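A.B. asks: structure here, sequence nowhere to be found:
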């Protein structure tokens, strides 16, 4: 078994990986940039190594520096988390070349799935249904425009090396084409160091349903059922649940078998996710494979009762899978809400800053995976996701009620967050009935805007608290002045009226 | 269904009950004493009513005041939590007289089980095996001494109205008899308002195993399996787990049936616990029934997948049980550690005080039910338990590893706690092997004491941090002096050398 | 007793302290009288007990001890203590320049691209500058035909929130 | 540069600051030199990065800014900053009265029972007073034969930690 792991990541996922390592008795090494010196993953790991300046291109994406640090501290393996280098075939190859275990698939699997065009070709060959689209990566704006004209609008532009919604643009109108291509390529370059894109026919209002898979180095592949990820904003998931309220047991079984077949087709190893788009009639098409741990993996962990990070580490250590497909079942219902530092009332603008106060939800059936703490300054350089709330209960209805309770309990001040927005989703009839697709946010705008009309009694209470706080500061100031006056012969000028200026 | 519930309790259990009410859409009313004005249950409830001075006899045990408040605020039901009035037959009766639903059993069931002597008689009649002991409550020291001489030492003195280890004393030697009786009766009077005691033959080194039961008002009774509660200090549980590492499936089934029979024998309603003492050969004897929710109920919730507080409320509303015995099973393994504000290196002396800083454990398979927060002052008037950590995984071994991780993550400063002591228990071979009984703490003293020898490198690090903190304060002071000097014409006397005196 | 005005979003309320002892307050808000307990339980976190109800209200000072951002359960507000001095400051700032003449990002970020030069005449809807923060890129455009007067930043610069990036006319 | 002594339980260490910049420190502890980053991440919570390892150390001021209770992962310590003034204070307190002559509770609580009267002569092992705190009762006994000189509390009193309850001789 691996004895020491370097975590080439930051934020909540680095903390989450360290937790499982600690439970396995594995020594953990955090890496950090200038901005992350006091970040939770550095505090929580056994060891911590500096890897460079704040921009991720100079630190968390700096492969050679990370490998050098891993060598120096004697780490036998690297866990890449999600994002950053997690789906980088070159990094997986470099780890292999340096005799360091990459906790994830080998370079070939990443390459054939990470490159979305190769992935499509492989899936077509394996008999897996795919969405119509390009078969080659596009590196020039002119070429992209040409291809879009060929397929016909609407289309989706995606980063070839991408995932997680970054570098992704939906184009519906002719006049948006050029700007969309430019933005998608620029974002792709920043996020993945590769500005090539591919283009797919856009299917209106589909469901986004993905299957979790685990594959060992001995040819065994299992799936751990699905996650329904259709609640998206700007093609970024914000709420996920399992089981999906859409698919029937028969379709679930068929999709699970397809997911296992797709995984076997690329000789995969480790934890991965097969993403499907599904229409209202439960027809499903392979969309892409994420060759890494997903943000939303905890809902699967809860319902299937498996620690996915531990499984990844065991697989990377060469162990055969302990779990058999027939032992697995979905027990109860889990929902995850992603908490972002952003302003839902102002076009979801990111809201970095210093955490003034935080109270996290706890109690039965609630898991809260975060990394921020009081006094922590959320850096501007990285993703604005600050935590994930995962709730479970026996029924979907019970889980929604629990999530509402958890979001009510969750208080963060200092930065703006989407917590109230998530609460409104939990109250939304379409969500409660489980009748939603990827157009959910757009179609339910009217239910998702904040309360417009004031509540005079509530205003009065706010005013009184402010007043009490003002009086408290006033009396503290007076006490200080008196204390100073008593203990020394300082002269008091007593400009009390202007004390806060 | 009940619409508004008053919670006649405080601390973590009040917060825990409010959580379930909130998920059910029930309005909650907290009650509080002087000491608890800013306590978490007051902050978290929808409504909050003052009920009296800090000593519990004048507030949380003041039945008439609590009933008056319930009437005034329109609460239809009262949840008593554990401790305080939770096993008080008079209170259950008074609620009934005032047309308020007591979320718990009726006065007759509490009386026949709460009075330990009647309970023994009832159980004997129902064919349930019991431990040899007194058949009448004892109200005089002289009588108690006489009875002890009759049964023969060792004996256990217990509060007739008690539970939770309070007012309980083990007597092994002749010369301890008088002092033990006096202390037990005095503690019983303070905790339960009744100083009568009963006496049982003490069985050396038994296991303490209890069964959770649920009974509705329609004659249905189920059990939710056992909790092994043998890790005790001064007859107070500190660690509980389920399943028990001792009992075999056959014995589990037989004990479960006995628990259901015992529950039916008193026409019970609500959640209750049948406590057994079990010897190494798995012979079991009825010890007592706790006619309320237990501190350790969360491990059952996790392994059986049931919210016990919700079930209690549904039962109290008159609903029949939704769960059938044959639907229930134990999924995986759960352990609870109780966190006390106490000093394990100084005879577990309670350590009330102000919380300077707290970091609670989170992540997969960890539930932390507490009520303290930064800046909160733990009152001297109530129980020193501040939270409970509950861990789950598929296996007992995995759960112990997770608990170690959770305890490592748990940081509380300002008061002393037993966290490091609990960590040492997790490392103790007898515990790891599941081979322990109620003598565990005494028999493993050598493994449970803190590290005696210093670690010079660790000392050096502590010294450097203190030094850095001193330098920080020094520079802050200088900055303040300069700022003051710039902004006003105060004269600085500059006694820098003495700045911290 | 103490009396002053507090602005809460668009509302301006008169507040007067009638009586206080410890955390117990009698306060007049406009014409309504309240009798309440107001307890600071954590830094900036208040518990208010009023008519038997329990309310959690969080105050965040916004740089200035007289300016607050307030979170209540459903609503958030911006508030300000208005005393004589604040009134004077407000009257002075009333005729300050038009904010539309400055293009700024509401949050800290990095300037990714500047699409104009000083002296350029641009059309309504044209993009002036692209700023990236927390992995998201935002385009800042003009609403009317404009002249680029001054560019205060260059590509690659890290900028503060509300910092003027480009001055237009 | 700054130099002083710090006591850590029984140990007395000489500490000297060799260099510091921001949160980067070079420090001499007795004869050993360290090069480390020391960051206060939360109030009283420090992160120390030393030789590639990450350490969490928590400091609690014990009433006096020069006295600390310290939590490291496995060990806890009591520490004190010893400067010239502290040394003087210590020397003055050295010949202070024998603590055994005062019976006190180490924590706040309530006096449940006083079993002696002023002037009583009691025997080794006799209980003097019973104090209840957080629902647990503790008996305070004498180790040798003693005379009860003064009783400073009465039954039912609430007492602070370390407050003298009974004076014995």
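C.D. replies: Structure's in. What do you need? The shown structure was predicted, so the numbers you read here are calculated from the model rather than taken from an experiment.
A.B. asks: enumerate every residue touching the nearest residue to residue A:240 once chain neighbours are set aside.
C.D. replies: Excluding the flanking residues, the one nearest residue A:240 by C-beta to C-beta, 6 or more residues apart in numbering or on different chains is residue A:296, at 4.0 Å. C-beta coordinates here come from the backbone N, C-alpha and C atoms, glycine included. Contacts for residue A:296 (C-beta atoms under 8 Å, 6 or more residues apart in numbering or on different chains) come out as A:227, A:229, A:237, A:240, A:336, A:388.
A.B. asks: would you confirm that the second one contacts residue A:206?
C.D. replies: It refers to residue A:229. No - at 11.2 Å, residue A:229 and residue A:206 do not qualify as touching, with contact defined as C-beta atoms under 8 Å.
A.B. asks: more crowded one of the two?
C.D. replies: Ranked by neighbour count (other C-beta atoms under 10 Å in any protein chain shown), residue A:229 and residue A:206 place residue A:229 first, with 25 against 21.
A.B. asks: how's the chain carved up into domains?
C.D. replies: Unless you meant another one, I'm taking chain A. The record, using automatic domain parsing to delimit domains, assigns chain A the ranges A:4-103, A:132-201, A:207-449.
A.B. asks: sorry, should have said chain C
C.D. replies: According to automatic domain parsing, the ranges for chain C are C:3-82, C:99-168.
A.B. asks: is the helix or strand hosting residue A:66 in proximity to chain D?
C.D. replies: Per DSSP states H and E, residue A:66 falls inside helix A:63-73. Yes - using C-beta under 8 Å from any C-beta of the partner chain, helix A:63-73 reaches chain D at A:72-73.
A.B. asks: who does the closest residue to chain C within the stretch 201-350 of chain A bridge with?
C.D. replies: Using C-beta to the nearest C-beta, the closest approach of the stretch 201-350 of chain A to chain C is made by residue A:350 at 3.9 Å. Beta-bridge partners recorded for residue A:350 (DSSP bridges): residue A:342.
A.B. asks: I figured it hits residue A:344, correct?
C.D. replies: No - taking contacts as C-beta under 8 Å, residue A:350 lies outside contact range of residue A:344: 11.5 Å.
A.B. asks: between the two, which has more neighbouring residues?
C.D. replies: Neighbour totals were compared for residue A:350 and residue A:344, and residue A:350 leads with 25 against 21 (other C-beta under 10 Å).
A.B. asks: and the pLDDT at the more buried one?
C.D. replies: At residue A:350, the model reports a pLDDT of 88.
A.B. asks: where's it relative to chain D, distance?
C.D. replies: Per C-beta to the nearest C-beta, to the nearest Å, residue A:350 is found 23 Å from chain D.
A.B. asks: next SSE downstream of the helix or strand bottoming out on mean pLDDT in chain C?
C.D. replies: Sorting the helices and strands of chain C by mean pLDDT, DSSP states H and E puts helix C:84-93 at the bottom, at a mean of 57. For helix C:84-93, the following helix or strand on the C-terminal side (DSSP H and E) is strand C:102-104.
A.B. asks: what about that following strand and chain A, touching?
C.D. replies: No - using C-beta under 8 Å from any C-beta, we find that strand C:102-104 stays clear of chain A, coming within 12.7 Å at best.
A.B. asks: adjacent strands (with direction) for the helix or strand just after that strand?
C.D. replies: Proceeding N to C from strand C:102-104, the next assigned helix or strand is strand C:109-114, under DSSP H and E. Paired with strand C:109-114 in the same sheet, following DSSP bridges, are strand C:127-133 (antiparallel), strand C:158-159 (antiparallel).
A.B. asks: may I see the domains of chain C arranged in JSON lines, with distance to residue A:399, mean neighbour count and mean pLDDT as well?
C.D. replies: Conversion of the domains of chain C to JSON lines gives the following (distance: least, C-beta to C-beta, whole Å; neighbours: other C-beta atoms under 10 Å in any protein chain shown; pLDDT from 0 to 100):
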{"stretch": "domain C:3-82", "distance to residue A:399": "22", "mean neighbour count": "17", "mean pLDDT": "91"}
{"stretch": "domain C:99-168", "distance to residue A:399": "29", "mean neighbour count": "16", "mean pLDDT": "83"}
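A.B. asks: which of those sits closest to residue A:95?
C.D. replies: Proximity to residue A:95, assessed across those by C-beta to C-beta, is greatest for domain C:99-168 (24.8 Å).
A.B. asks: okay, now the closest residue to residue A:441 other than its chain neighbours: neighbour count?
C.D. replies: Distances taken as C-beta to C-beta, 6+ apart place residue A:233 nearest to residue A:441, at 5.1 Å, with adjacent residues excluded. The tally of other residues near residue A:233 (other C-beta under 10 Å) stands at 19.
A.B. asks: wait, residue A:233 sits on residue A:442?
C.D. replies: No - Residue A:233 is beyond contact range of residue A:442, at 9.0 Å (criterion: C-beta under 8 Å).
A.B. asks: helix, strand, or coil at the residue in chain C that chain B sits nearest to?
C.D. replies: At 4.1 Å from chain B, residue C:54 is the closest residue in chain C, using C-beta to the nearest C-beta. Classification of residue C:54 using DSSP: H, G, I helix; E, B strand; the rest coil returns strand.
A.B. asks: quick one: which of the contacts of residue A:296 is most hemmed in?
C.D. replies: Busiest of these [other C-beta under 10 Å] is residue A:240, holding 29 neighbours.
A.B. asks: and the helix or strand hosting it, what does it pack against?
C.D. replies: Per DSSP H and E: residue A:240 is located in strand A:236-242. Secondary-structure packing of strand A:236-242 (3 or more C-beta pairs under 8 Å, 6 or more residues apart in numbering or on different chains; DSSP states H and E): strand A:221-233, helix A:297-304, strand A:333-340, helix A:419-427.
A.B. asks: would you turn the ones you listed into CSV with mean pLDDT and distance to residue C:24?
C.D. replies: Converted to CSV, the helices and strands packed on strand A:236-242 look like this (pLDDT from 0 to 100; distance: least, C-beta to C-beta, whole Å):
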stretch, mean pLDDT, distance to residue C:24
strand A:221-233, 97, 45
helix A:297-304, 98, 45
strand A:333-340, 98, 36
helix A:419-427, 95, 31
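A.B. asks: can I get the ones you listed in a markdown table with distance to residue C:21?
C.D. replies: Listed next are the helices and strands packed on strand A:236-242 as a markdown table, based on distance: least, C-beta to C-beta, whole Å:
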| stretch | distance to residue C:21 |
| --- | --- |
| strand A:221-233 | 49 |
| helix A:297-304 | 49 |
| strand A:333-340 | 40 |
| helix A:419-427 | 35 |
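A.B. asks: dump the domains of chain A into CSV; add distance to residue C:127 as well.
C.D. replies: As requested, the domains of chain A are exported to CSV (distance: least, C-beta to C-beta, whole Å):
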stretch, distance to residue C:127
domain A:4-103, 23
domain A:132-201, 8
domain A:207-449, 16
